[in-house]
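A.B. asks: Structure for this input, please:
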Amino acid sequence: MKYINHILILLILSVMASPGHAQDTLINKALLKGLIDSLFEDTIVHQPPAITRNPEIFMSPDSLDATVEYGSADSNYLDNVTRKVHLFGDAYVRYKDLSLKADYIVVDLDSSIATAEGLLDSVGKLAGIPEFKMGEESFTAEKMRYNFVKRKGIIYNALTKEGDLTIHGEKTKFVAGGLVDGPDDDILYGSRALITTCDHPEPHFGIRASKVKTIPDKLAVIGSSNMELFGVPTPIWLPFGFYPVSETRSAGLILPRDYERSPQLGFGIRDIGYYFPVSDWADVKLLADIYFNGTYGLGVASNYAKKYKYRGNVALRYSYRITEPSNDYRENIEKSFSIRLTHNQDSKANPYQTIGGSINIQSNDFESLNYNDAQSALTNTYSSNFNYSRTFAGKPYSLTAAFNHSQNTQSHLVTINAPEFNFRLNRIYPFKSQKRLGPEAWYEKIAFQYAGSARAQVSATDTTLFDRSTWQNAQYGTQHKANASVNFNVLKYFNVTPAIDYGETWFFKTRYSMFKFDPEDTDFVQSDTIRYPDGTIAYIEKDTINYGVVERDSLDTGFVPFRSMSASINMNTQIFGTLQFKKGWLRGIRHVIKPSIGFSYSQPSPDTYYQYVKFSELYPDSTKPYSKFDNLMYSVRPNDIRQANLNYSFTNLFEAKYFNSKDSTEKKLKLFDNIGVGGSYNIAADSFNFSPLGINGTTRLFKGITTISIGATYSFYGRRANGTLDPMLYIESDNKLLRFEMLRLRFSTSISFGDIKKLLEGKPVEGPGVPGRPKDTRDKFEDLLSGFSISHEFGVVRMGVNGPDVNMVTTNSINMVGGMEITPNWSIYFGNIGYDFISKQITYPDIGLSRDLHCWQLSFNWQPTRGTYAFNINVKPGTFDFLKVPYKRGNYDSSGGF
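C.D. replies: Next comes the predicted model:
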């Protein structure tokens with residue numbers, strides 16, 4: 001009783017010190033004086049003093065172990081009869097990590113129970129509803145009772161947030177954890193609770209549970225529950241529910257991403273699985289697709305990351321699909337898999353050692369078979385590149401181990417290089433003096449470089465990649481390249497570089513050619529396209545009376561080295577030409593020419609590099625040479641004849657300077673980035689000494705929006721009527737220096753509507769519209785299209801053949817991707833839509849439409865080329881995103897086309 005008196009004294013003093021005490025007329029001064037005097041009366045029965053020097057003071061186990069703070073902005077008073085303190089207007093009570101706020105709070109001093117509720121304001125609306133906070137947990141309610149001693153409370157019409165879940169409870173019991181005779185964690189027990197992810201005051205959907213038990217930051221367990229839409233019960237019932245609400249990762253079931261009813265596959269669910277964290281830096285997802293007709297898919301995915309070390313992800317998928325063609329009752333089974341891996345090492349992890357890259361391997365066109373979006377349907381080439389590199393401090397060499405692969409889903413060809421080791425010695429100067437006393441000698445400039453590689457290569461189709469025969473035909477080899485050079489200036493402006501190059505490649509399997517007799521191969525006329533060594537192309541017709549063909553697909557096992565050596569000397573310089581104007585928009589033109597001339601020499605390759613095979617049954621003694629190294633893992637080409645080439649090239653750069661009237665400054669403009677002209681003359685050849693003259697160049701227009709690439713080929717020789725080259729020079733036969741062979745021209749444009757606006761304005765756009773004024777119709781239209789980008793590809797080839805030149809448009813297509821908001825809630829998306837002017841077809845439109853329904857969303861995706869679509873109404877991503885109504889048609893159910 002003595003300690004309760006002390007608490008009452010503190011309460012009375014705090015009431016006297018409160019802001020609203022001066023206006024409190026419910027307790028007069030005389031009454032307060034009497035209360036205070038009565039508190040100092042000794043109510044304890046006196047006992048004879050014990051004979052001890054240090055008497056112990058015993059505390060009641062029900063007493064509070066910390067100070068209770070309270071107050072209010074309006075008024076408060078103490079009712080000594082009922083022993084209750086009444087707080088009005090922004091009232092609060094604080095005890096340890098507990099905080100309670102409301103417009104009206106009553107504290108019972110005997111039971112240590114605080115009751116809080118809101119009050120009606122001037123318009124009759126409930127205001128100042130209780131807000132309860134304990135540690136990191138907080139919730140609101142219409143009314144609340146809390147016992148400070150037992151740390152338990154009753155909450156009426158509570159609103160609790162746990163992760164992305166909002167729990168509306170009609171009556172909730174709160175039990176604090178950490179007490180001696182209580183639970184370890186805080187627990188909420190609720191009845192008639194509505195659990196939802198909708199944050200609207202009147203939720204649009206939810207699960208109405210008869211009983212709910214929530215452990216904050218861990219889980220929520222519910223009893224029998226019923227799905228409600230807009231407060232209306234539905235026929236959907238759940239016997240129980242288990243929802244993790246922890247902000248940390250925890251193991252649990254992954255609910256299906258999609259449900260499907262397919263005429264071909266039957267009813268199925270996609271991406272159902274299980275998630276579990278392996279550690280603080282890695283997790284694993286096990287996924288599965290299950291259909292009633294026996295079709296299934298399996299997958300495993302993992303993400304991992306270590307700060308300042310590395311991060312990455314890996315995904316493995318396997319698909320086993322069974323379909324029945326409409327005209328055949330036999331089952332059609334398609335197996336495919338996908339391997340994806342990405343690993344990136346942090347730049348701070350190791351300055352001398354790096355590992356990383358990406359792997360993307362598909363079999364049997366996995367992406368296109370299982371997904372219908374434009375990227376999956378249109379991508380037909382995949383590649384991988386994963387490397388480990390090691391440099392050595394203070395050393396000029398480095399080591400690399402790599403895995404790389406390439407594949408084409410149209411031809412189904414797959415090439416894998418693994419493992420591949422590369423050793424590189426950077427440029428070193430072995431004769432450079434460490435302590436030079438005079439000027440640098442010429443031999444000190446001699447530099448040496450070396451590069452070595454070893455590789456294993458497998459080539460096959462994606463369906464036979466793992467067959468035994470594929471790996472038995474794997475190729476192995478090594479390659480060495482060494483270079484010695486010296487660089488010096490002549491007459492100040494000319495840079496001269498003599499060099500010697502040596503290469504040696506070791507093959508353990510070479511190409512084997514043989515003539516295969518076929519008596520059914522009768523005489524007929526065949527059209528053919530011939531590509532000559534000089535790069536030119538001719539169309540001819542030939543008679544074939546061979547009664548067989550030369551097969552060159554076999555590999556012969558055995559060690560065969562290929563060696564090559566060449567010597568060269570090159571000289572280059574730069575020539576500048578400038579033309580300036582003092583007036584007008586154009587202020588100057590600058591032309592930079594970078595000429596280069598050189599000489600290279602190499603011996604012809606030995607005959608052992610060739611295999612001589614007969615090519616016709618009619619001429620058994622006639623043979624043709626075939627290189628043993630054609631289409632092998634290392635690209636090498638034997639020299640048919642001695643090469644003593646005079647090489648020449650000219651690189652041209654064109655720039656302009658113009659006057660900008662907006663800021664009165666002169667600015668530079670690149671007219672042509674690079675225009676190159678080059679060729680060679682072989683003085684050791686007995687004919688066709690001149691190589692074709694090649695011209696190539698690129699330029700960019702409209703601030704880089706459009707890129708123009710050009711390539712042309714001219715010949716110094718004429719062409720006969722049968723399409724073969726005439727050894728006579730063209731100037732001798734037709735009085736013209738060069739004969740046109742081929743011209744390639746390509747325009748590539750990629751632009752967004754924002755780029756168009758910048759281009760027209762001539763300056764960057766800071767933001768939509770102009771601040772300080774409403775947007776006009778033009779601004780709104782520009783903002784509507786700002787999310788779109790357009791790309792256009794146009795390519796044309798002009799070929800010079802016998803007769804009139806032939807013009808061919810090789811590429812002419814336009815594509816658009818992007819999306820826009822039609823209204824604040826409606827949006828449209830184009831994954832791809834375009835038109836091919838050559839085939840006169842729309843290029844795989846991928847169209848999406850979505851509607852924001854607050855906590856729900858509606859989406860529709862359509863790929864008319866395949867005849868596939870998907871319609872979904874689902875809860876937005878979160879705990880309840882498994883609630884959806886899907887309806888779709890996949891590519892296995894559609895006949896394709898519009």
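
A.B. asks: Name the spans of the protein whose pLDDT lies under the cut-off.
C.D. replies: 1-65, 178-184, 244-248, 325-329, 515-550, 552, 614-620, 757-786, 802-803, 894-898 (pLDDT under 70).

A.B. asks: Kindly state the domain boundaries assigned to it.
C.D. replies: 692-812, 823-898 (automatic domain parsing).

A.B. asks: so which of the ones you listed comes closest to Ala158?
C.D. replies: When these are compared by Cβ to Cβ, domain 823-898 sits nearest Ala158, at 18.8 Å. Glycine gets a C-beta too; all of them are placed from N, C-alpha and C.

A.B. asks: re the thing from before, tell me which of the domains of the chain is the most buried.
C.D. replies: domain 823-898 (a mean of 16; mean count of other Cβ atoms under 10 Å).

A.B. asks: now it: how far from the chain's centre is it?
C.D. replies: Taking Cα atoms, centre = their mean, to the nearest Å, the mean C-alpha location of domain 823-898 is offset from the chain mean by 21 Å.

A.B. asks: Quick check: Gly890 vs Thr868, distance?
C.D. replies: 6 Å (Cβ to Cβ, to the nearest Å).

A.B. asks: Now do the SS call for Thr470.
C.D. replies: helix (DSSP: H, G, I helix; E, B strand; the rest coil).

A.B. asks: so what's it closest to, chain neighbours aside?
C.D. replies: Nearest residue to Thr470 in three dimensions, chain neighbours excluded: Ala460, at 4.2 Å (Cβ to Cβ, 6 or more residues apart in numbering).

A.B. asks: Wasn't that neighbour part of a helix?
C.D. replies: No - counting by three-state DSSP, Ala460 is not found in a helix; it is strand.

A.B. asks: what about Tyr793, distance to Thr295?
C.D. replies: For the record, residue 793 is Glu, not Tyr. 38 Å.

A.B. asks: where do the strands sit along the stretch 751-898 of the chain?
C.D. replies: Taking DSSP state E, counting those that start in this stretch, the strands of the stretch 751-898 of the chain run over residues 788-799, 806-821, 826-836, 841-842, 846-853, 856-863, 868-875, 884-889.

A.B. asks: Strand partners (parallel or antiparallel) of the last one?
C.D. replies: In the sheet containing strand 884-889, the strands it pairs with under DSSP bridges are strand 868-875 (antiparallel).

A.B. asks: So what touches the partner strand?
C.D. replies: By Cβ atoms under 8 Å, 6 or more residues apart in numbering, the residues outside strand 868-875 that reach it are 197, 205, 372, 853, 855-863, 881-891, 894.

A.B. asks: Check stretch 602-609 too.
C.D. replies: 562, 564-567, 627-629, 638-643.

A.B. asks: Among those, which one has the most neighbours?
C.D. replies: Phe562 (24 neighbours; other Cβ atoms under 10 Å).

A.B. asks: thinking it is in contact with Arg637, fair?
C.D. replies: No - Phe562 is beyond contact range of Arg637, at 9.5 Å (criterion: Cβ atoms under 8 Å).

A.B. asks: list residues touching both of these two?
C.D. replies: Phe629.

A.B. asks: Give me the buried stretch members for whichever strand or helix holds Phe448, please.
C.D. replies: Element membership for Phe448, per DSSP states H and E: strand 447-461. Residues of strand 447-461 classed as buried: 447-450, 453-460 (neighbour count, 16 or more other Cβ atoms under 10 Å).

A.B. asks: circling back to that earlier point, may I see the contacts of stretch 602-609 organised as CSV, with secondary structure and distance to Asn735 added?
C.D. replies: What follows is the contacts of stretch 602-609, written out as CSV (DSSP: H, G, I helix; E, B strand; the rest coil; distance: Cβ to Cβ, whole Å):
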residue, secondary structure, distance to Asn735
Phe562, strand, 44
Ser564, strand, 40
Met565, strand, 41
Ser566, strand, 36
Ala567, strand, 38
Ser627, strand, 38
Lys628, coil, 44
Phe629, coil, 42
Pro638, coil, 37
Asn639, coil, 34
Asp640, coil, 31
Ile641, coil, 29
Arg642, coil, 32
Gln643, strand, 30
